[in-house]
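S.K.: for reference, the sequence and a predicted model appear below.
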Amino acid sequence: MRGKNIQMFIIGISILVVGIIFAIIGNSIATSDSTVLRNQEVDNLLFENASLEYENNISTYTVDVTNKQDNIYNLKYINIKIKDEENNEYTLIGYIGDYLNSNETRKITASIDKDITDITSITYSIVK
């Protein structure tokens with residue numbers, strides 16, 4: 001139970017921080033490269049409507065995740081591996097809760113304090 005409470009606390013703080021960042025920030029730079037931000041399906045999870053914005057020295061990656069299975073999908077988190085033009089690799093952690101119901105969609109928002117708008121690839125791995 002304690003681990004679950006800690007996880008919920010981290011999720012809550014992450015959402016709060018991202019909300020504050022969006023409320024404070026003015027202009028943004030966004031990546032619109034559809035070949036990199038394309039829809040992907042990994043282990044019956046569909047990743048779509050991805051976007052990447054860079055504002056005030058923070059890159060924020062957002063993507064919708066849908067469970068394409070006929071039953072509940074259990075998971076811990078999703079690793080979002082991003083590679084840039086210089087072949088640097090960054091891993092963002094996406095939390096969407098402990099499970100997704102069949103055909104349920106949730107949004108992942110993950111941030112890093114680097115400009116990663118020059119990404120060349122994005123891959124996802126599910127940690128169950």
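M.R.: Good, I have the coordinates.

S.K.: what are the buried residues along stretch 64-73?
M.R.: For stretch 64-73, a neighbour-count test (16 or more other CB atoms under 10 Å) marks 64-67, 73 as buried. For glycine as for every other residue, the C-beta is placed from the backbone atoms N, C-alpha and C.

S.K.: and the furthest pair within those residues?
M.R.: Pairwise distances across the buried residues of stretch 64-73 peak at 14.4 Å for D64 and Y73 (criterion: CB to CB).

S.K.: ok, so of the buried residues of stretch 64-73, who is nearest V36?
M.R.: Lowest distance from V36 to the buried residues of stretch 64-73 (CB to CB) belongs to D64, with 16.2 Å.

S.K.: quick check: bridge partners of the closest one?
M.R.: As for beta bridges, D64 partners with E48, K107 under DSSP bridges.

S.K.: check what pLDDT it gets.
M.R.: Per-residue confidence at D64 stands at 96 (pLDDT).

S.K.: and Q7, by the same measure?
M.R.: Looking at Q7, its pLDDT reads 71.

S.K.: which residue is the nearest non-sequential neighbour of it?
M.R.: Y95 (7.4 Å; CB to CB, 6 or more residues apart in numbering).

S.K.: isn't that neighbour up against I6?
M.R.: No: taking contacts as CB atoms under 8 Å, Y95 lies outside contact range of I6: 11.8 Å.

S.K.: done for today, thanks.
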